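Peer 1: heads up, no residue letters with this:
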């Protein structure tokens, strides 16, 4: 299982992801510069958090036309595993690999906090090491994380069980008082219909080293490895 | 003949999309004493100068630019105004 992590000008969580996959999980990890259209022989492409191209115009808008991103779209369309975290999630919605859009937080504030998330699906490559309904604590750090989609899109997301993570209380209550940014249906992370593309605002890579206070995010990366092993 | 055009692109939030920034500005106006302001919606204004063979060609290129990059059709609408500049 080989990881590839894209770096755009303005990415700032790329090295954190590389640290998890290369140093903690001991898996080969290839860094991909945004101008590079060759992703290499990777099994998972991670689009990290940050402020790609300064987030000018809209978050993630300019990144979608970079050569690396063009290749990542092709990779995803062929069934390749693509994980977008924070700015990476915003980019995935901009390129249309995931529906909807991420808008300014409801209360206009940049939020940097540890948030409880309810895991809605465990049959995905990304979440097989979690228990269904489990509440995990993973940090968020964003100003534009309010998930929006029109009513039809939202219904189709729910009907197809594409919501993977929701903001909740520590004991799993999903309601408006446990919604940090105003996201519709408390959505923190969604996948595409086939499940090979996951976008999430919370940062699992920031909750993957016991020395940094929490390993709930490590399970996500371990799930990917576990699924790969069971597939062999 | 190639002609230079100046375009003004107005990108606005779709009516169904909430605008917390607009709401914050409306509340600022209210604090200033403008209690008659019903609604404020914030959008973007983008100037693009380009060359094209005809106004139709320029307009169709601008439409594509807006659909693909300048606006996000999921949350935004756009309107384009276009003028031909003097030939140089």
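Peer 2: Great, that's in hand. Note that the coordinates shown come from a computational prediction; the quantities given were computed from them, not determined experimentally.
Peer 1: Please report the distance of the residue in chain A that chain B sits nearest to from residue A:5.
Peer 2: For chain A, the residue closest to chain B is residue A:101, as judged by Cβ to the nearest Cβ, at 4.4 Å. Any C-beta I mention is one placed from the backbone N, CA and C, and that applies to glycine too. When distance is defined by Cβ to Cβ, to the nearest Å, residue A:101 is 24 Å away from residue A:5.
Peer 1: and the residue of chain A closest to chain B, what does it touch?
Peer 2: Applying Cβ atoms under 8 Å, 6 or more residues apart in numbering or on different chains to residue A:101 gives the contacts A:93, A:94, A:147, A:148, A:149, B:72, B:74, B:75.
Peer 1: which ones are touching residue B:35?
Peer 2: Per Cβ under 8 Å, 6+ apart, neighbours of residue B:35: none.
Peer 1: In which helix or strand does residue A:83 reside?
Peer 2: Using DSSP states H and E, residue A:83 sits in strand A:81-85.
Peer 1: do that strand and chain B meet?
Peer 2: No: applying Cβ under 8 Å from any Cβ of the partner chain, one finds strand A:81-85 separated from chain B by no less than 15.9 Å.
Peer 1: Surely residue A:13 and residue A:83 touch.
Peer 2: No: at 11.8 Å, residue A:13 and residue A:83 do not qualify as touching, with contact defined as Cβ atoms under 8 Å.
Peer 1: Just to be sure, residue A:206 is in a helix?
Peer 2: Yes: counting by DSSP: H, G, I helix; E, B strand; the rest coil, residue A:206 falls inside a helix.
Peer 1: rewinding a little: show me what the residue of chain A closest to chain B is bridged to.
Peer 2: residue A:148 (DSSP bridges).
Peer 1: ditto for the one 10 residues further on
Peer 2: Beta-bridge pairing of residue A:111 under DSSP bridges involves residue A:142.
Peer 1: Quickly note the distance from it to residue B:28.
Peer 2: From residue A:111 to residue B:28 the distance is 22 Å (Cβ to Cβ).
Peer 1: and those two? which has more neighbours close in?
Peer 2: residue A:111 (17 against 12; other Cβ atoms under 10 Å in any protein chain shown).
Peer 1: The more buried one contacts residue A:141, doesn't it?
Peer 2: Yes: because the distance of 7.2 Å satisfies Cβ under 8 Å, residue A:111 is recorded as touching residue A:141.
Peer 1: buried ones in the longest helix seen in chain A?
Peer 2: For chain A, the helix with the greatest residue count under DSSP state H is helix A:218-231. Of the residues in helix A:218-231, A:218, A:219, A:220, A:221, A:222, A:223, A:224, A:225, A:227, A:228 count as buried by neighbour count, 16 or more other Cβ atoms under 10 Å in any protein chain shown.
Peer 1: Mind pulling the model confidence for the fifth one?
Peer 2: Per-residue confidence at residue A:222 stands at 96 (pLDDT).
Peer 1: ditto for the second one
Peer 2: Note on residue A:219: pLDDT of 97.
Peer 1: Now do the same contact list for it.
Peer 2: Counting by Cβ under 8 Å, 6+ apart, residue A:219 has contacts A:129, A:130, A:136.
Peer 1: Give the other helices and strands that the one helix or strand residue A:90 maps to contacts.
Peer 2: According to DSSP H and E, residue A:90 maps onto helix A:87-94. Using 3 or more Cβ pairs under 8 Å, 6 or more residues apart in numbering or on different chains; DSSP states H and E, the elements in contact with helix A:87-94 are strand A:44-47, strand A:81-85, strand A:101-103, strand A:197-200.
Peer 1: Contact partners for residue 7?
Peer 2: As the question left the chain open, I've gone with chain A. A:14, A:31, A:32, A:33, A:34, A:48.
Peer 1: was after chain B, sorry
Peer 2: Residue B:7 sits in contact with B:47, B:48, B:49, B:50, B:58, B:62, B:80, B:81, B:82, B:83, where contact means Cβ under 8 Å, 6+ apart.
Peer 1: Assign a three-state SS to it, would you?
Peer 2: Strictly by three-state DSSP, residue B:7 counts as strand.
Peer 1: Who is it paired with across the strands?
Peer 2: residue B:48, residue B:82.
Peer 1: Could I get the full set of helices for the chain?
Peer 2: Going with chain A. Per DSSP H, chain A carries helices over the ranges A:14-18, A:67-77, A:87-94, A:151-159, A:218-231.
Peer 1: To clarify, I was referring to chain B.
Peer 2: Under DSSP H, chain B gives helices at B:20-31, B:55-65.
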